[in-house]
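**Student:** build me a model:
(chains A, B and C)
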Amino acid sequence: MIPASFEYVRAGSVDEAIALLAEHGDDAKLLAGGHSLLPLMKLRLAQPAMLVDIGPLRELNYVNDEKDYVAVGALTRHHDIATNPVALANVPVLAHVAGQIGDPQVRHRGTIGGSISHGDPASDLPAVLLALGATFVVQGPSGRREIDAADFFVSFFEVALSPDELLVEIRVPKPSDGQWGFEKLTKRAQDWAIVGAVAVRTVDGVGVGLINMGPIPLRASAVEAAVASGSNAADAAAFAAEGTEPAADFNGSVAYRQHVARVLVRRALEKAGV
Amino acid sequence: MLIDMKVNGTSQSHDVEARTLLVHYLRESVGLTGTNVGCDTTSCGACTILLNGESVKSCTVLAAQAAGDEITTIEGLASEDGQMNRVQQAFQECHGLQCGFCTPGMVMAISSLLTENPAPSEADVRIGLEGNLCRCTGYHNIVEAALAASRVPEMQK
Amino acid sequence: MSILGNRVLRREDPKFLTVGGTYVADLDLPGSVHLMFVRSSMAHAKIVSLDTSRAKAMPGVIGVYTNDDLGMANFPTIMGMTNAAMTPPTLASGTVRFVGEPIIAIVAESRASAADAAEWVIVEYEPLTVVIDPVEARKDNVLLFPDAGTNTAFALDFGADDSLFNDCEVVVELSLANQRVAPCPLEGRSAAAHMTEDGRLQFSSATQAPHGVRDALVTFLGLEPEKVHVVTPDVGGGFGAKASVYQEDIVVGWCAQQLGRPVRWTETRSESMLGLGHGRAQVQHVRIGGTREGLVQAYRLEILQDSGAYPGFGTVLPFMTRIMTSGPYKIPKAECASVSVVTNSTPTTAYRGAGRPEATAAIERIMDLFAREIGMDPAEVRRRNLIGKDEFPYTTPVETVYDVGDYHRALDLALEVAGYEDLRAEQARRRAAGDVRQLGIGVSCYVEITNGLPDGEFGAVEVRPDGKVVVRTGTSPHGQGHVTAWSMLVAEQLGVPLEDIEVIYGDTDLVPRGAGTMGSRSLQIGGAAVNQAAVDVVEKAKDLAADLFEADRGDVVLDKSSGSFHVVGTPAVSHSWADLAKAAVAKDGNPLFAEVDLASPGPTFPFGTHISVVEVDTETGKVTLLRHIAVDDAGRIVNPLLAEGQVHGGIAQGVAQALLEEVVYDLDGNPLTSTFADYSIISAAELPSYETRFTETPTPINALGAKGIGESGTIGSTPAVHNAVCDAVAHLGVRHVDMPTTPIRVWNAINEAASGNASGKG
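**Tutor:** Numbers count the residues shown, from 1 in each chain, chains lettered A, B, ... in the order given. Below you'll find the predicted structure:
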């Protein structure tokens, strides 16, 4: 319940945060909403020597309409995305999914940047951002770079961020039309997904993301290809488990999760108008 | 480190370790024990308070993160002369509490819910309370209390 | 106008709603030190070495203690009935037998420094073979207590009649699990203790039984009873798991004696999930036999009870299960036998229902299978077998005597409220259409035993010279609302307003004796004792009034509407309660009071019918509870608001067991559900509002006509929900799904039935 001791520093700006990360390396962790990191620290599963608090940085808290895409500041809270008019109008699937994360209290603190930087394949947002073909803007001592969502999730709880880098913006291309589907199987409303699926109409056809079907968030590429070549929802969904390596636990065997993936992908595709 | 914040309208300043959770700052440094700790995985919501008017699980916020913010706890809801607000009143009228341990968190969560959704449906309330666990009441009367409170005009709180 | 039977709002509430309750962790104890336990991370191992030197040297650490430091005898057997070679030490000694078993106590200046020091305790283990499955444990291949020579801690065997089912046209059997669950009161265990200046041990405990805690401290710490003062402040739920004393409580007391400073301990939730007793955990085998017309003729229940690592109250709960073997049915022949074994898991204890939910769950499940076998509606089969209202008192084949009931009335009312016919029609429509989302309807008829232990209860009423009333009770409420309910009882007798009545409980100095609150006993024995004391006080008052009025005793009238006494015919000349209280003192120096030690008149048997409606997504196995109807009869209802609250809470826990909750261990005995994140404690989002009704069939057993209601909601609901889920997929060839009916369990059942059908095995 009580974390191990650490040094706490509040960063006054993004540059200051980066400087602190560069100086302290692996000893320092960023603190945004704290709802991925603090739970680990309370169980002493993580014991960083220093926390760099970037939570109050207003400059990273925004949802802007940038014509072809929507720019979301990394420190925008789930609640703010869920209720933001620009998000609701342009990327409603993102607003919807942000509004389902955890519970209301978690959504008042958790941030999109913090959530996706954590690299948890059971999180909802990474799958959605994959399906939408988002890009992430990352800032480090040598400036900014962009990474495709597809390249951001490296392995289990590991993302393509150096220890001295900070995710600053998420760029979400606007989907081609308003149709999307999001299906999540849980035992209880506040639970992580046993399996989840999201389908979004994009300019290239359909983007399909999977939650908790492997060590990293996945795109169901075979499903996307099937839709692109004219398959209906049921036929395309038959490929949902391809390339997945879901874990087996008391909530689901591998076979069960793969079956549920096919069901949820079909339902998500149907809702997305396939 | 010295951490300042406003709690129930009063300025507070206490020297605590950086690792001090907001819930412990409130309970032990400020001395307001109404907010309870029910779990260690951010699951139960017994620690729910309002941070700048929004419901937050105070067990998953460092006191340091809340420096400069405005906190409202259960102790800060009733009026100066002890008149309970509409949510507190509804809890009494609907028998929305038994052992009382989850109650402050429930009341704060519902207060925030009604601010964001002034006329919720039953389903809205139930989903809105997904982060607040109760073992005694079976939730039936808590939900009724939330809906009853929503029907009382706000100025009468 | 009687106040009884009214929905009186709780007097307890304003404090909880404005400043919150005062739980043990909230107590202001200046100068206190903090106690924390280091617990076993192994399910079964020898402790090769314990290195506490680094921990002792950590900042703020005052002491680090092992069982050797305590020098105490082991905890006793359970009521003298369990295997004496299996008693637990206070702290683990030599061998650890479950993950979470406390090994070391660390006392430090702050909780944080205790937590930091705990990281530096080094325990070297030599792993022993782990046995988690009670079926495996029963084989006695791996013994938890080699000296015992067995893993059997307790057994009930009243002989078996091999011819039990000989004359039955239809015989159906089933093996089923009543799974291990965790009680999860929102407040975990907590205690605080200090030595007072006059050498007494002052002990605050989050307990359901303060006098039991006092007695344990007396025994273990070698103190005289008058040297121990136990207080319960507000307690955040118990559900049976806080009705017994834990090893940790004794260590808190011991540390307070040793250190001469206040010691406080509050467990974390993760600790609580390991250390607070678990509930249920029975493996059951049932057999039912009857006629094709639906009459049940014979029933047998065999129980394998998982005790956990050390015998606890859970070990002997099959005794309670056996008492309710035949449920609300007129079954001519019924038997129940049990074996309780130890396994490398958390000890099991009483948990809401404590043995009786297990009885109801078993018979209600097999009744559905019997109904299916003979092609009869499950409600109709029950109707044909329920004990009739004119057949009470009714003695069952296991010699339990049910007091009174009208089981058919509860069934009929439940069916009516549910709209049963319409539900079956909707189910039929969905089945014919092959809907993905199928409807399931489950019925559960139950009867249960409350106030089942022989303890009496203490009650006292005193009228002060200012006319205010002080009530003392030996019950120990932790959410049940006894302050309100006992005030109502006293107000009813005395005609004094509720706000003038103070109810004292949970303090062994102020209340001389009491058995506490558990087993749905409080109203019928504790409230009844208070009620009797109130009646006695009225009689004494009338004696005093007769003296004051210089009138005949028989002419004295108590006008309850004004709370005053007068002589019949001259109401204008009256004496108040305050007058009489002063008169009592003036007469012989004693206050106007009465004390009662009410002997238990015996148990009572609340009953009812629950009906559950679920929707099953047959593609994913996910179950949604759509409706839950509960008709419960607890005899006379003193406060329907409080009674409903108890039913609601019970239903939620019962539904949770059917659908969601399960304590899971891996094969090495590591708990997989030891936090609120992975243990699926049910939330408002998974539940509907309930449709509850009471029927009132007063019991002749006690003066109030009241039975207990606290556990009925749990007992009646679990089988209704469970049956509903099995019913939803019965047409797909599924015979049974074990609880909890999680999505994967339901889907596996559907899948296996489907592949069974495909290969012609049907």
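**Student:** get me the contact residues on the stretch 51-200 of chain A for chain C.
**Tutor:** Residues of the stretch 51-200 of chain A found near chain C (C-beta under 8 Å from any C-beta of the partner chain) are A:185, A:187, A:188, A:189, A:190, A:191, A:194. Where you see a C-beta, it was placed from the backbone N, CA and C, and this is true even at glycine.
**Student:** ok, and the most crowded of those?
**Tutor:** residue A:185 (27 neighbours; other C-beta atoms under 10 Å in any protein chain shown).
**Student:** residue contacts, that residue?
**Tutor:** Counting by C-beta atoms under 8 Å, 6 or more residues apart in numbering or on different chains, residue A:185 touches A:193, A:194, A:195, A:196, A:260, A:264, C:620, C:622, C:743.
**Student:** again, but for residue C:458
**Tutor:** By C-beta under 8 Å, 6+ apart, the neighbours of residue C:458 are C:472, C:473, C:474, C:511, C:512, C:513, C:514, C:529, C:595, C:596, C:597, C:598.
**Student:** now it: which helix or strand?
**Tutor:** strand C:457-463 (DSSP states H and E).
**Student:** name the strands paired with that strand and say parallel or antiparallel.
**Tutor:** Sheet partners assigned to strand C:457-463 using DSSP bridges are listed as strand C:469-473 (antiparallel), strand C:592-598 (antiparallel).
**Student:** just the ones you listed: most buried one?
**Tutor:** strand C:469-473 (a mean of 23; mean count of other C-beta atoms under 10 Å in any protein chain shown).
**Student:** distance between that one and the chain's centre?
**Tutor:** From the chain centre to the centre of strand C:469-473 is a distance of 25 Å (C-alpha atoms, centre = their mean, to the nearest Å).
**Student:** name the residues that touch that strand?
**Tutor:** Contacts for strand C:469-473 (C-beta under 8 Å, 6+ apart): C:457-464, C:482, C:486-487, C:490, C:494, C:496, C:500-505, C:510-511, C:514, C:526, C:529-530, C:533, C:577.
**Student:** redo that, cut-off 6 Å
**Tutor:** The set of residues external to strand C:469-473 that reach it, using C-beta atoms under 6 Å, 6 or more residues apart in numbering or on different chains, is C:459-463, C:486, C:490, C:496, C:501-505, C:511, C:526, C:530.
**Student:** list just the nearest of those residues to chain B.
**Tutor:** residue C:505 (14.1 Å; C-beta to the nearest C-beta).
**Student:** next, that closest one: phi, psi?
**Tutor:** Main-chain torsions, residue C:505, degrees, to the nearest 10: phi -150, psi 170.
**Student:** residue boundaries of the helices in the chain?
**Tutor:** Using chain A. Here chain A has its helices, by DSSP state H, at A:14-24, A:37-42, A:78-83, A:85-90, A:92-98, A:104-107, A:112-118, A:124-131, A:149-152, A:221-228, A:233-237, A:254-271.
**Student:** chain B was what I was after
**Tutor:** Counting by DSSP H, the helices of chain B are B:22-24, B:86-93, B:103-116, B:122-128, B:140-150.
**Student:** and the residue of the stretch 301-450 of chain C that's closest to chain A?
**Tutor:** Taking C-beta to the nearest C-beta, the stretch 301-450 of chain C has residue C:436 as its residue nearest chain A, at 9.3 Å.
**Student:** about what we covered before: and the helices of chain B as CSV, adding mean neighbour count, mean pLDDT and distance to residue C:11?
**Tutor:** Output for the helices of chain B, formatted as CSV (neighbours: other C-beta atoms under 10 Å in any protein chain shown; pLDDT from 0 to 100; distance: least, C-beta to C-beta, whole Å):
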stretch, mean neighbour count, mean pLDDT, distance to residue C:11
helix B:22-24, 24, 98, 29
helix B:86-93, 23, 98, 10
helix B:103-116, 26, 98, 15
helix B:122-128, 19, 98, 27
helix B:140-150, 24, 98, 17
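**Student:** and residue C:162, how many residues sit next to it?
**Tutor:** 6.
**Student:** in which helix or strand does it reside?
**Tutor:** With DSSP H and E as criterion, residue C:162 is part of no helix or strand.
**Student:** how about it, phi and psi?
**Tutor:** Main-chain torsions, residue C:162, degrees, to the nearest 10: phi -70, psi -20.
**Student:** residues of chain B that sit close to chain A?
**Tutor:** Within chain B, the positions lying close to chain A (C-beta under 6 Å from any C-beta of the partner chain) are B:18-19, B:40, B:42, B:48, B:54-57, B:60, B:64-65, B:128, B:130-131.
**Student:** check the residues you listed against chain C, which are close?
**Tutor:** B:40, B:130.
**Student:** about what we covered before: okay if I get the helices of chain A as CSV plus mean neighbour count, mean pLDDT and distance to residue C:87?
**Tutor:** Converted to CSV, these look like this (neighbours: other C-beta under 10 Å; pLDDT from 0 to 100; distance: least, C-beta to C-beta, whole Å):
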stretch, mean neighbour count, mean pLDDT, distance to residue C:87
helix A:14-24, 18, 95, 53
helix A:37-42, 21, 96, 35
helix A:78-83, 22, 98, 52
helix A:85-90, 17, 96, 62
helix A:92-98, 24, 96, 54
helix A:104-107, 27, 98, 44
helix A:112-118, 24, 95, 47
helix A:124-131, 28, 96, 50
helix A:149-152, 18, 96, 57
helix A:221-228, 20, 96, 60
helix A:233-237, 21, 97, 58
helix A:254-271, 23, 98, 43
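**Student:** so who does residue 61 touch?
**Tutor:** Chain wasn't specified; assuming chain A. A:73, A:75, A:76.
**Student:** could you do chain B instead?
**Tutor:** Listed by C-beta under 6 Å, 6+ apart, the contact partners of residue B:61 are residue B:22.
**Student:** among the contacts of strand C:469-473, which ones are buried?
**Tutor:** C:459-463, C:486, C:490, C:496, C:501, C:503, C:505, C:511, C:526, C:530 (16 or more other C-beta atoms under 10 Å in any protein chain shown).
**Student:** what's the closest of these to chain A?
**Tutor:** residue C:505 (30.5 Å).
**Student:** how near is that closest one to residue C:475?
**Tutor:** Taking C-beta to C-beta, to the nearest Å as the measure, residue C:505 falls 6 Å from residue C:475.
**Student:** kindly report the same for residue C:687.
**Tutor:** 29 Å.
**Student:** these two - which one has more neighbours?
**Tutor:** Neighbour totals were compared for residue C:687 and residue C:475, and residue C:475 leads with 30 against 21 (other C-beta under 10 Å).
**Student:** now that one, nearest residue through space, not along the chain?
**Tutor:** residue C:526 (3.7 Å; C-beta to C-beta, 6 or more residues apart in numbering or on different chains).
**Student:** check residue A:157 too.
**Tutor:** Using C-beta to C-beta, 6+ apart, the closest residue to residue A:157 is residue A:119 (4.6 Å).
**Student:** for the one you found, give me its contacts.
**Tutor:** A:157, A:158, A:159.
**Student:** same check on residue A:258?
**Tutor:** residue A:241.
**Student:** just say helix, strand or coil for the residue nearest to residue C:475.
**Tutor:** Recorded secondary structure, residue C:526: helix (DSSP: H, G, I helix; E, B strand; the rest coil).
**Student:** can you count the residues close to residue B:73?
**Tutor:** By other C-beta under 10 Å, the residues close to residue B:73 number 25.
**Student:** ramachandran angles for it?
**Tutor:** Torsion angles, degrees, to the nearest 10, at residue B:73: phi -110, psi 180.
**Student:** pretty sure it is in contact with residue B:49, am I right?
**Tutor:** Yes: taking C-beta atoms under 6 Å as the definition, residue B:73 is a contact partner of residue B:49 at 5.1 Å.
**Student:** mind listing the shared neighbours of these two?
**Tutor:** residue B:35.
**Student:** show residues contacting the helix or strand hosting residue C:487.
**Tutor:** In the assignment (DSSP H and E), residue C:487 maps to helix C:482-494. For helix C:482-494, the external contacting residues (C-beta under 6 Å, 6+ apart) are C:3-4, C:8, C:10-12, C:471, C:473, C:475, C:498, C:501, C:503, C:527, C:530-531, C:534-535, C:538, C:638-639.
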